[in-house]
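Chemist: Mind looking at a prediction? Sequence and model below.
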Amino acid sequence: MEQTKTYIIGEIGINHNGDLAIAKKLIDVAKEAGCDAVKFQKRTIEKVYSKEMLDSPRESPWGTTQREQKEGLEFGKKEYDAIDAYCKEKGIDWFASAWDVDSQKFLQQYFLKYNKIASAMLTKEDLLEEVAKEGRYTFISTGMSTLEEIDRAVEVFQKHHCPFELMHCNSTYPMPEEEANLRMIFTLQNRYHCKVGYSGHEAGELVSVLAVAAGATSVERHITLDRTMYGSDQKASIEPNELIHLVKAIRHAETILGTGEKVLTEAEKAVKAKLRG
């Protein structure tokens, strides 16, 4: 067994608050901390939400309706062109979770290395089909899902021979540590015989590090410049210094976990010679 390197994803999501400058700062934060990738979210507002919901009241920096709030948070081609160029310049992967088929088709123009199925989208079969038929390695978050729902999603990806990695997830924001249930990583590995990562919404770093010890091959965490900023995901996100500490802790954990091969170190050989003669 080789020592594995955990793929660490900084989930920007909508924490950019519709501001490209904030998005670039968060990309910088992820790169400087040592993340392997950043992830965004893409929606076609009219497809994802009903007119009744969009017309309902909601106070936000962009206006007084849900529509104004959702549109204020959404990036279009101009912004994603800039994100694509900036991530290439910085040498960090980026990808996004689409919340509808049109958004997935939009993302195809960037020829991204990975796709992502958000927990909320795991039962959207038209979206699963669109993603799986691309044949691109896909991270599939399993928050809010029953095993039977995960079974069905896995069947879609297997049907299209699309490589995938499940991600254990508890979709509460923020998640109490006692609800992490990290042994689900073993359950998913044994049931689906695939790699299993961890997508976390807790405070701090302990749960994510323990997930790596439990065999998680990827770790995704929401990141923010400041938890007090406007936004529903900000409070379940980690700030720049916390991200730096988390990445260091995960890399340290990987070293501690080692390869699983029995090797006598030089120091141990010296002790052996002394104690066994």
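Modeler: Looks like it came in fine.
Chemist: All the strands of the stretch 51-200 of the chain, residue numbers only.
Modeler: 57-60, 63-65, 93-98, 115-117, 138-141, 164-169, 196-200 (DSSP state E, counting those that start in this stretch).
Chemist: In JSON lines: these, plus mean neighbour count and distance to Asn17.
Modeler: Using the backbone N, CA and C atoms, a C-beta is placed for each residue, glycine as well. Written out in JSON lines, the entries for the strands of the stretch 51-200 of the chain read as follows (neighbours: other C-beta atoms under 10 Å; distance: least, C-beta to C-beta, whole Å):
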{"stretch": "strand 57-60", "mean neighbour count": "12", "distance to Asn17": "10"}
{"stretch": "strand 63-65", "mean neighbour count": "14", "distance to Asn17": "14"}
{"stretch": "strand 93-98", "mean neighbour count": "24", "distance to Asn17": "16"}
{"stretch": "strand 115-117", "mean neighbour count": "25", "distance to Asn17": "21"}
{"stretch": "strand 138-141", "mean neighbour count": "25", "distance to Asn17": "22"}
{"stretch": "strand 164-169", "mean neighbour count": "25", "distance to Asn17": "23"}
{"stretch": "strand 196-200", "mean neighbour count": "28", "distance to Asn17": "21"}
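Chemist: dump the residue contacts of the closest residue to Glu179 other than its chain neighbours.
Modeler: Beyond its immediate neighbours in the sequence, the residue positioned closest to Glu179 (C-beta to C-beta, 6 or more residues apart in numbering) is Asn170, lying 5.5 Å away. Asn170 is in contact with Gly143, Glu179, Ala180, Asn181, Gly200, His201, counting by C-beta atoms under 8 Å, 6 or more residues apart in numbering.
Chemist: No further questions, thank you.
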